[in-house]
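**Q** structure of the sequence below:
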Amino acid sequence: MFLETYQAEIINTAILLVIFIIITIIGKVTIRKIGKKSNINDARVKLISRYYTVVLFLVFIFFEAYIFGAQLREILVVFSSVFAVIGIGLFAIWSILSNVTSGIIMFFSFPYKVGDKIKIHDKDYPIEAVIEDIRAFQLHLREDSGDLVTYPNNLILQKAVTLVEKDAIEDFGDFN
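**A** Okay, the predicted model is just below:
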């Protein structure tokens, strides 16, 4: 009875699922190629892939609700309500959201890579260090003295940065 009643919806869901899987695979392959071409850390590539999958999943849920008969107005009310609650919650932790967004931007357009020695022109605390790791929230920088400095992603995009030496980490060895 269930299969007969919802036959069209089940077929449309199967088609949507196949499209979702194909788009997910294409997107992840593209992200991997960009990461490999730009010599980006595998952990960062996986993080961006997860963000991509979550966004696609939300779009999938949106279309799935529409397939099963929810009106566009109802779907928009639910999604806008959910995003309003999330937005209010994230406003309290805007710094974290800002750092994650900066991390995504840095994945696609940050000109420096792990191993490069950079100088951050911060008037309060100038830093000259080797990029040891680029994470979702911050960069790990190793100073010549051996000190580890964590620098927020959102600040690195706001400051002037100079490349001092490319692949300088080879000169200092592995800090892990």
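
**Q** for the helix of greatest length in the chain, buried residues please.
**A** When secondary structure is assigned using DSSP state H, the longest helix within the chain turns out to be helix 7-37. Applying a neighbour-count criterion of 16 or more other CB atoms under 10 Å, the buried positions in helix 7-37 are 12-13, 20, 24, 27-28, 31-32, 35. All C-beta atoms are positioned from the backbone trio N, CA, C, and that covers glycine.

**Q** stretch 57-72 too?
**A** Buried residues in stretch 57-72, counted by 16+ other CB under 10 Å: 60, 62, 64-65, 67.

**Q** turn these into JSON lines, including secondary structure and distance to residue 102.
**A** Formatted as JSON lines, the entries for those read as follows, by DSSP: H, G, I helix; E, B strand; the rest coil; distance: CB to CB, whole Å:
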{"residue": "60", "secondary structure": "helix", "distance to residue 102": "27"}
{"residue": "62", "secondary structure": "helix", "distance to residue 102": "27"}
{"residue": "64", "secondary structure": "helix", "distance to residue 102": "32"}
{"residue": "65", "secondary structure": "helix", "distance to residue 102": "32"}
{"residue": "67", "secondary structure": "helix", "distance to residue 102": "36"}
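
**Q** now, which of the residues you listed sits nearest residue 147?
**A** Taking CB to CB as the measure, residue 147 lies nearest residue 60 of the buried residues of stretch 57-72, at 45.7 Å.

**Q** still on that earlier bit, quick one: mean pLDDT over the longest helix of the chain.
**A** Mean per-residue pLDDT for helix 7-37: 92.
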